[in-house]
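# A predicted structure for the sequence below; I have some questions about it.
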Amino acid sequence: MTKEKGKDNLKDLDAGYTIQECYRMMFLNYDDVVTPDEVATMMHLPPKRIYRMLRSGELNSIRSERSYRIPKLWVVEYIQKYGLQRQESFRLQRRAAVTAFCQTPKSRKQIQEFLDLADRKFFLDSVLLPLVESGVLKMTIPDEPSSVKQRYVATKVLSPAECDLAETE
């Protein structure tokens with residue numbers, strides 16, 4: 001009986017593999033040393049986030065002239081150490097920061113720049129619209145959501161834990 005390798009999920013944990021073996025199998029189709037774009041695909045994150053992680057030293061890398069190379073093992077170690085928990089925690093902290101920042105009305109652009117997010121669609125879909133829909137932020141001109149003069153103001157300041165509760169309601 002042979003076990004199929006290279007899946008992008010952890011179903012094989014039930015088949016008797018250790019967590020370390022599963023993580024290694026997740027990236028079986030990648031070379032031993034990968035590029036930041038490949039890491040972005042592996043971790044399901046935007047490439048800009050990976051480059052930010054590399055510049056800050058959050059993710060180890062080898063710098064060669066003007067390019068980064070990351071041993072696959074270092075990616076596996078990062079995921080084992082932080083997993084998706086770190087990403088979730090980061091997202092909740094970002095939502096809490098927006099509620100604190102928006103005590104006075106702020107434009108979409110001001111909030112986006114405050115968070116240092118370049119992609120407008122990503123910002124709208126993952127930060128702003130969920131906060132408006134959950135009632136944490138409100139529009140100053142609700143009848144004209146796409147108005148140039150539209151501003152957003154927090155209805156209450158949330159901690160990261162409260163953001164998690166607001167999201168599940």
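The structure has been received and is ready for your questions.
# C-alpha from now on. contacts and neighbour counts both.
OK.
# pLDDT wise, what is residue 38 at?
You'll see residue 38 listed with a pLDDT of 93.
# burial count for it?
Residue 38: 18 surrounding residues under other Cα atoms under 10 Å.
# what bits of this structure have low per-residue confidence?
For the chain, the stretches with pLDDT under 70 are 1-17, 19-20, 22-24, 83-88, 159-169.
# how about 80 then?
1-26, 44, 56-57, 80-92, 117-119, 122, 158-169 (pLDDT under 80).
# select the longest strand from it.
What stands out as the longest strand in the chain, according to DSSP state E, is strand 67-71.
# quick check: what element follows that strand along the chain?
Per DSSP states H and E, the first helix or strand lying C-terminal to strand 67-71 is helix 72-101.
# buried residues, that next one. List them.
For helix 72-101, the neighbour count (16 or more other Cα atoms under 10 Å) marks 72, 75-77, 91-101 as buried.
# among these, which one lies nearest to residue 42?
The nearest member of the buried residues of helix 72-101 to residue 42, counting by Cα to Cα, is residue 75 at 8.6 Å.
# that closest one and residue 59, how far apart?
Distance, residue 75 to residue 59, using Cα to Cα, to the nearest Å: 8 Å.
# now do residue 94
Distance of residue 94 to residue 59, computed by Cα to Cα: 20 Å.
# next one: residue 145
According to Cα to Cα, residue 145 and residue 59 sit 39 Å apart.
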